[in-house]
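Asker: Here's my sequence, what's the structure:
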Amino acid sequence: MPLASNDKGVINEMLIVDVFTQLIFDAESVLNDTEERIIDCLESIEGSLTHSPRRDIGEFLRAMPVDEMISLVAKVKRKMDQQQLIVAKKLSHGPHIHR
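Answerer: Numbers count the residues shown, from 1 in each chain. This next block holds a predicted model:
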């Protein structure tokens, strides 16, 4: 099932949880761009996961206690929000042509 952000383009925690669940139970499934970005954020937060196979990331998440998982979801959410703000700022300050 493809994931989408809400009508404002913000990725919510449930989308992140869905991706984590997908990694745990079906690591080899096809992911869309949003899901891939969530995994990229996870890898940047948990440096030990960088360039790890998705199956290994799924095992890492499966072994994680619930309270740590909740904290990790919040960290990924914050990072995704920060990235979206950076992109929005760049788009709003696009190339200016001086005449």
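
Asker: element containing the residue nearest in space to the middle of the chain?
Answerer: The centroid of the chain falls nearest to Ile38 when counting by C-alpha atoms, centre = their mean (1.4 Å). In the assignment (DSSP states H and E), Ile38 maps to helix 33-45.

Asker: In terms of secondary structure, what does that helix contact?
Answerer: Other elements packing on helix 33-45 under the criterion 3 or more C-beta pairs under 8 Å, 6 or more residues apart in numbering; DSSP states H and E are helix 13-25, helix 54-63, helix 66-92. Backbone N, C-alpha and C define where each C-beta goes, glycine included.

Asker: where's the shortest one relative to the chain centroid, distance-wise?
Answerer: To tie it back to what came earlier, the one meant is helix 54-63. Helix 54-63 sits 15 Å away from the centroid of its parent chain (C-alpha atoms, centre = their mean, to the nearest Å).

Asker: quick one: buried residues of that helix?
Answerer: Arg54, Ile57, Gly58, Phe60, Leu61 (16 or more other C-beta atoms under 10 Å).

Asker: Report the contact partners of the second one.
Answerer: When contacts are counted by C-beta atoms under 8 Å, 6 or more residues apart in numbering, Ile57 touches Leu23, Ala27, Ile39, Leu42, Glu43, Leu49.
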